[in-house]
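**Q** give the three-dimensional model of this entry:
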Amino acid sequence: MPIRTSPQRHSDPQPQRRQRATRVVYEKHQEPRGISKPLSTETKRILIPIILGLAALLSGLSLFGAAGIVGEFINNFLSLIFGVTRFVVPILLIIWAVLIERDEQLERKSHHVIGFVLFLLSANGLAHVSIPLADMIDTGVQGYRGGIVGLIFAYPLLRFTGIYAAAPILIIFLLMSIMLIFNFTISGLANFMHAVCGRVWRWFADSVMYTRTTVATGEEPLPEISQHRLATADDAAENDVEEEEEVVAEPQAAGDPISGKQEPLPMPRKHSFKPLPAFDLLLANKSKATAGDIKSNGQTIVDTLKQFGIGSELAEVRTGPTVTQYAIHPNKGVKVARIMALSNDLALALAAHPIRIEAPIPGKPYVGIEVPNERVALVTLRELLEAEEFQRRSSNMHMALGKDVAGKVWFADITKMPHLLVAGSTGSGKTVCLNTLILSLLYQNTDETLKLIMVDPKRVELTMYNGLPHLLTPVITDMTRCINALKWTISEMERRYDLLSKVGSRDIASYNKRVPQEKLPFIVFVIDELADLMMQAGAEVEGGIVRLAQMSRAVGIHLIVATQRPSVDVITGIMKANIPARIAFSVASITDSRTILDSAGAEKLLGRGDMLLQTADMSKPKRIQGAFVSEDEMKKVVDYWKADSAPEYNPLVVEKQAHSSTVFGDKGEEHDPLFEEAKEVVLESGKASTSLLQRRLKLGYARAARIIDELEAAGIVGPGDGAKPREILALKSADDIIKNGNTEMLDAMDGETPVEGDEESNDE
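**A** Model (predicted):
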């Protein structure tokens, strides 16, 4: 019997545990819905401001006797408690409602409550300051001056300190309450007032200048007035625009070919100063991000890590326009690589994809887990340009990028980059980013301080900028013109270096200060699609870009290159080495991400402007939500500049530079010693290639390629066209061909086949 009953005794508890577990799971799924479920954060953000708004409306109407019996009771109550400051109560309720509605996480911020209480106490106390102590109690109880609240706060203060000390104390408390309510410092208040006064002054100065210009029919404004206007309109005060004179060049005979010396940029015409565009041309931001249930997501992350044996705690949460970053503080002894390997498990637990892990967060002992928001906020260019950081910029070459995961605005100074590579898959926001960068520069510079060269092989992205006075040439869509523009830019770079060396300046800023009458404008070369150019003429395009990237920073020439094909044959290693600043948008694979940034991460971006920024001074890429610019906004800004100014194109930019320096920097007639011998080899063989010169002349690749470029610059061979052989533009004379006995080549020149009798005619 014991042997039979023993299995039953040991097996009885297990079915009971299973039934109990099943019952618990069933009861968990049978939880009541609707009423017992706590209100979501979004619902609270809607309901609380509505309630406060209704209270403000009712209290405001009661002050004027427009709310019936209830309003009369509210008015008497507010009069007894707050006295004359009862008129401030509806305003405070409205401010409180707005602050709650703007609080995305709906956190209980004690400084708001303390600020409201301190404001009422100090305001009511100030209302009681001028009353003698003997009459203060009766006045307060009857609801006059500051009411009961003012009596409670002012009476002991006046009794122990006196009126001359109590008044300054109450004023200081009043200022402190305002700082607590709106969360800013005294310097922030001063900067705000300075910005407001500056805008009012600009508006007044613009109105006066416009009136003077329109009244004086046919007369130009005085130069002194124009310079004064310029100084007040430019916040940076570093690129103050002055009227420039044309650089006198040596006269050329009509019909002479283009000389080997690069001609200077045509100086802008003298005209009255035109103010920079107003921010009203851009759209204001009205959207807000929704992160979802932050507390629940944070607890889910901690619990998921705990299931895999990783102890941690939630340190902080930062909500950005696209993602919300949960900062996790792991326990001591936990390897960061273990957390990095759990990205897919966290995505499964949070039902969110993709999830990016930043380990560690720069400057903090936390691991950042970035979860996509339920609703993405739109970042507009206007809110970036109106930001305080942009108003305090140090130069007029700042470009607006967007906002990071904490909602902080980001800008980049192209003079410090000094060049930028933008890459990403189709539809990821690459072209919108280019337009944002261009408009940022147009909002800071006139056509006297900035010149643009734009290349658009797709013919549809940048053509909207045609007619812009900042352009040196119409938007380039042709391959040959693009190569000529690169060569012209290199020649302009060398010309500027000659100018800097003559006056002893190291960069364009010091040169413009030393020679104010001949200021050099910045030149930004924008290429929208690098892949198309590399497929057609890879060697020349790469050589030109690398040469500019290596040397053009000091003379104010900068590159912005974009591509939607992030492969190694487009973004070459030497190109990446000379362009350290890069922006990566969403890509298809980790290989593409490493091609752009030399690190992973871009494959987990969300698209639509979600980017990773990598510069030379960054240890890790920074995630930023790029600003959005609509086509209508671009058209308004371009039309503003085109309204009163016509572009002055320089035809030399896209013309063939007959004797200009090559992309490798050889000048004029200083050819390689084997130039003539290589010329003979090319003309005798009827074809030209680097490998041919390597075999015939026993040269290395670099020297052979340099000689091929010299032959092209001399007009002997045509430009490279991908895999096709170069065209032979110059042919040997018939005497040289006969001397060498190569009559077949002569027949090929005449388009005839050799027949009997030809030798006799040749001998003659």
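**Q** quick one, strands of the stretch 101-250 of the chain?
**A** According to DSSP state E, counting those that start in this stretch, the stretch 101-250 of the chain carries no segments that qualify as strands.
**Q** C-alpha coordinates for the helix or strand containing Gly298, CSV please?
**A** With elements delineated by DSSP states H and E, Gly298 resides in helix 294-307, which encompasses its position. What follows is the C-alpha trace of helix 294-307 in CSV, where atoms were taken according to Å, rounded to 0.1, in the frame of the first residue of the first chain:
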residue,chain,number,x,y,z
ILE,A,294,6.4,56.2,-20.9
LYS,A,295,6.2,54.6,-17.4
SER,A,296,5.0,51.3,-18.9
ASN,A,297,7.6,51.3,-21.6
GLY,A,298,10.4,52.0,-19.1
GLN,A,299,9.2,49.2,-16.8
THR,A,300,9.0,46.8,-19.7
ILE,A,301,12.6,47.6,-20.7
VAL,A,302,13.8,47.0,-17.1
ASP,A,303,11.8,43.7,-16.8
THR,A,304,13.0,42.4,-20.2
LEU,A,305,16.6,43.0,-19.2
LYS,A,306,16.0,41.3,-15.9
GLN,A,307,14.7,38.2,-17.7
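**Q** for that helix, buried residues please.
**A** Along helix 294-307, these residues count as buried under the neighbour rule (16 or more other C-beta atoms under 10 Å): Ile294, Asn297, Gly298, Thr300, Ile301, Val302, Thr304, Leu305. No exception for glycine: its C-beta is placed from N, CA and C like everyone else's.
**Q** tell me the domain boundaries of this structure?
**A** For the chain, whose domains are defined here by automatic domain parsing, the residue ranges read 41-188, 294-372, 381-653, 675-763.
**Q** so for Leu283, which of the ones you listed sits nearest?
**A** With C-beta to C-beta as the criterion, Leu283 lies closest to domain 381-653 of the domains of the chain, at 6.2 Å.
**Q** coming back round to it: so which pair among the buried residues of helix 294-307 is furthest apart in space?
**A** Ile294 and Leu305 (17.0 Å).
**Q** got the contact list for stretch 169-186?
**A** Contacts made with stretch 169-186 from outside it, assessed by C-beta atoms under 8 Å, 6 or more residues apart in numbering, are listed as 95, 99, 111-112, 114-116, 118-119, 121-123, 125-126, 129, 154, 157, 161, 189, 192.
**Q** ok, of the residues you listed, which come out buried?
**A** The neighbour count (16+ other C-beta under 10 Å) marks 95, 99, 112, 115-116, 118-119, 121-123, 125-126, 129, 154, 157 as buried among the contacts of stretch 169-186.
**Q** take those and keep only those in helices.
**A** 95, 99, 112, 115-116, 118-119, 121-123, 125-126, 154, 157 (DSSP state H).
**Q** which one of those residues is nearest Glu494?
**A** When those are compared for distance to Glu494 (C-beta to C-beta), Leu99 wins out at 58.4 Å.
**Q** pull the contacting residues for the closest one.
**A** His112, Ile181 are the contacts of Leu99 under C-beta under 8 Å, 6+ apart.
**Q** equivalent analysis for Ala627, please.
**A** When contacts are counted by C-beta under 8 Å, 6+ apart, Ala627 is found next to Val379, Thr380, Leu381, Leu384, Ala400, Leu401, Gly402, Thr436, Gly609.
**Q** repeat the analysis, applying 7 Å as the threshold.
**A** Val379, Thr380, Leu381, Leu384, Ala400, Gly402, Thr436 (C-beta atoms under 7 Å, 6 or more residues apart in numbering).
**Q** cool, and Ile339?
**A** The contact partners of Ile339, by C-beta under 7 Å, 6+ apart, come to Leu305, Ile310, Pro330, Ile357, Ala359, Val367.
**Q** which of the residues you listed scores worst on pLDDT?
**A** The member of these with the lowest pLDDT is Ala359, at 85.
**Q** how far away is the closest residue to Leu305 other than its chain neighbours from Leu54?
**A** Counting by C-beta to C-beta, 6 or more residues apart in numbering, the nearest residue to Leu305 once its immediate chain neighbours are dropped is Ser312, at 5.1 Å. Separation of Ser312 from Leu54 (C-beta to C-beta, to the nearest Å): 43 Å.
**Q** worst mean pLDDT across the helices and strands of the protein, which element?
**A** In the chain, the helix or strand scored least confidently by mean pLDDT, DSSP states H and E is helix 223-233, which has a mean of 33.
**Q** now do the residue nearest the centre of the chain, the pLDDT please.
**A** Residue closest to the average C-alpha location in the chain (C-alpha atoms, centre = their mean): Leu401, at 1.2 Å. At Leu401, the predicted lDDT confidence score is 94.
**Q** tell me where the model's unsure across this protein.
**A** Counting by pLDDT under 70, the ranges of the chain that qualify are 1-42, 103-110, 143, 184-196, 198-199, 202-274, 657-670, 721-724, 730-764.
**Q** swap the cut-off to 50 and go again
**A** Screening the chain residue by residue with the criterion pLDDT under 50, one finds the ranges 1-36, 213, 215-263, 266-272, 659-669, 733-764.
**Q** okay, strands next: where are they in it?
**A** In the chain, strands defined by DSSP state E lie at 312-319, 323-330, 356-358, 367-372, 398-404, 409-413, 420-423, 450-455, 522-527, 557-563, 581-584, 610-614, 622-626, listed in chain order.
**Q** JSON lines for these, including distance to Val638?
**A** Compiled in JSON lines, the strands of the chain are given as follows (distance: least, C-beta to C-beta, whole Å):
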{"stretch": "strand 312-319", "distance to Val638": "35"}
{"stretch": "strand 323-330", "distance to Val638": "33"}
{"stretch": "strand 356-358", "distance to Val638": "36"}
{"stretch": "strand 367-372", "distance to Val638": "34"}
{"stretch": "strand 398-404", "distance to Val638": "17"}
{"stretch": "strand 409-413", "distance to Val638": "22"}
{"stretch": "strand 420-423", "distance to Val638": "21"}
{"stretch": "strand 450-455", "distance to Val638": "12"}
{"stretch": "strand 522-527", "distance to Val638": "14"}
{"stretch": "strand 557-563", "distance to Val638": "18"}
{"stretch": "strand 581-584", "distance to Val638": "23"}
{"stretch": "strand 610-614", "distance to Val638": "24"}
{"stretch": "strand 622-626", "distance to Val638": "20"}
